[in-house]
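Asks: Provided below for reference: sequence and predicted model.
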Amino acid sequence: MGKFLESEKKRQAALKLSSSYFSEPARGDGLYSRKPRPFCLPLVHAEENLFPGIRESAPAYFASERINWHDGQNGKPSNHLCDSQVCCVNFLFPLVHEPLALARVFRSVFPDIRQMLPIEKGRYVAFEWIGEENYLRERVARNSARTRGANCTSADAAVMFERTDGRRQIVLIEWKYTESYGGLSLKTAKSGTDRTGIYRWLFDGDNCPIDKALLPDFDRPFYEPFYQFMRQQFLASRMEMAKELGADLVSLLHIAPNQNADFWKVTSPELRELGKTATDVWKRLVGGCGRFMSVSTEELFGGLSSDRLPEMAAWLEYIAARYPWVRGSVRI
């Protein structure tokens with residue numbers, strides 16, 4: 001268990017017992033992996049894992065778009081208080097219909113934003129985005145549609161904006177919270193499938209976004225988080241080639257807490273020579289074209305205040321209480 005995850009489990013468990021954001025029935029231990037856990041909610045109250053203002057709208061959106069909740073049951077989000085998908089939804093879903101606030105958040109990374117554009121049915125943020133087509137040719141059961149958030153490459157979220165130069169850009173978002181990874185190779189699936197066979201055609205193609213001179217062996221990125229980075233970078237590249245939603249550029253943005261030091265280590269033995277952190281390695285493999293960027297959650301959200309975003313005051317208060325590390329108020 002990573003140090004940050006261990007710390008967050010204790011803090012979230014304590015918050016559940018004291019915060020008015022949780023009802024009295026939700027304060028008990030919740031079952032997770034068949035065991036009662038203090039850092040989980042009772043399953044019947046799993047919706048209380050979300051910001052109160054989105055406890056109805058977020059599950060309704062996931063249901064309408066047939067999006068899979070990770071570890072969720074009965075149309076509700078995960079009951080684990082340290083769940084990464086829930087964290088992403090708590091930070092971003094309140095901005096779904098707030099283009100001005102959304103632009104304020106992302107201009108720190110993309111200063112050339114002129115205006116945010118709706119990306120899905122009038123919404124300015126989409127979740128578990130898989131692209132309009134099966135660009136990566138991932139296997140789908142016969143006569144079945146792809147499921148966002150399960151069994152295919154999904155970006156945790158996606159936004160779109162018009163740039164000051166008039167071009168349209170989509171940003172796929174990879175969101176991390178308490179994750180940490182070991183040195184286990186994912187080259188071979190549990191079923192025995194060699195995953196390199198699924199994606200090699202993308203690596204071998206002329207439009208591969210990865211610098212092959214720095215990655216002569218395709219086995220090297222099959223360690224998390226590089227395996228995720230690779231698939232999402234391929235997805236971004238193919239979306240751009242297809243001009244999905246009229247986009248001229250499609251890039252990948254990685255967001256994670258700076259305090260989660262366990263995440264940053266380079267897990268692939270043969271990639272360690274390329275950088276000190278996982279994101280540094282991937283930036284080097286993709287190059288300086290702006291197709292991959294990384295920012296800390298603290299940098300992106302820590303400076304927001306209700307003085308500048310009065311209409312978002314309730315959400316900002318919730319984020320400060322639920323994830324106080326975002327403002328540097330918690331150290332581990």
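Replies: Good, I have the coordinates. Residues are numbered from 1 along each chain as shown.

Asks: what about stretch 253-261, start to end distance?
Replies: One end of stretch 253-261 sits 18 Å from the other (Cα to Cα, to the nearest Å).

Asks: return the distance of that stretch from the chain's centre.
Replies: 11 Å (Cα atoms, centre = their mean, to the nearest Å).

Asks: just stretch 59-71 next, same as before
Replies: Using Cα atoms, centre = their mean, the offset of stretch 59-71 from its chain centre is 15 Å.

Asks: now it - C-alpha only, PDB.
Replies: What follows is stretch 59-71, C-alpha atoms only, in PDB (Å, rounded to 0.1, in the frame of the first residue of the first chain):
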ATOM      1  CA  PRO A  59     -25.400   9.000 -11.800                       C
ATOM      2  CA  ALA A  60     -28.100  10.000 -14.200                       C
ATOM      3  CA  TYR A  61     -25.500  11.100 -16.800                       C
ATOM      4  CA  PHE A  62     -23.600   7.800 -16.300                       C
ATOM      5  CA  ALA A  63     -26.800   5.800 -16.800                       C
ATOM      6  CA  SER A  64     -27.900   7.800 -19.900                       C
ATOM      7  CA  GLU A  65     -24.500   7.300 -21.600                       C
ATOM      8  CA  ARG A  66     -24.100   3.700 -20.400                       C
ATOM      9  CA  ILE A  67     -20.900   4.500 -18.600                       C
ATOM     10  CA  ASN A  68     -19.500   2.000 -16.200                       C
ATOM     11  CA  TRP A  69     -18.900   3.100 -12.600                       C
ATOM     12  CA  HIS A  70     -15.600   1.400 -11.400                       C
ATOM     13  CA  ASP A  71     -16.600  -0.800  -8.500                       C
END
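
Asks: how deep is residue 98 tucked in, by neighbour count?
Replies: 18 (other Cβ atoms under 10 Å). Placement of C-beta: from N, CA and C, glycine included.

Asks: and it, what does it touch?
Replies: Shown in contact with residue 98 (Cβ atoms under 8 Å, 6 or more residues apart in numbering): 124, 311, 312.

Asks: relative to residue 86, how far out is the first one?
Replies: Same thing as residue 124. Using Cβ to Cβ, to the nearest Å, residue 124 is found at 20 Å from residue 86.

Asks: could you do the last one as well?
Replies: When distance is defined by Cβ to Cβ, residue 312 is 19 Å away from residue 86.

Asks: again with residue 158
Replies: For residue 158 relative to residue 86 (Cβ to Cβ), the value is 18 Å.

Asks: then residue 60?
Replies: For residue 60 relative to residue 86 (Cβ to Cβ), the value is 16 Å.

Asks: looking at these two, which is more packed in?
Replies: More neighbours surround residue 86 than the other of residue 60 and residue 86, with 24 against 12 (other Cβ under 10 Å).

Asks: for residue 18, phi and psi?
Replies: phi -120, psi -20 (degrees, to the nearest 10).

Asks: tell me how far residue 27 lies from residue 71.
Replies: On the measure of Cβ to Cβ, residue 27 and residue 71 end up 20 Å apart.

Asks: for the closest residue to residue 225 other than its chain neighbours, what are its contacts?
Replies: Computed as Cβ to Cβ, 6 or more residues apart in numbering, the closest residue to residue 225 that is not its neighbour in sequence is residue 278, at 5.4 Å. When contacts are counted by Cβ under 8 Å, 6+ apart, residue 278 touches 225, 226, 229, 263, 264, 265, 266, 267.

Asks: give me that answer again for 7 Å
Replies: Residues counted as contacts of residue 278 (Cβ atoms under 7 Å, 6 or more residues apart in numbering) are 225, 226, 264, 265, 266.

Asks: what's around the fourth one, how many residues?
Replies: Burial measure for residue 265: 14 neighbouring residues, criterion other Cβ under 10 Å.

Asks: excluding chain neighbours, what is closest to it?
Replies: In space, residue 265 is closest to residue 278, 6.9 Å off (Cβ to Cβ, 6+ apart).
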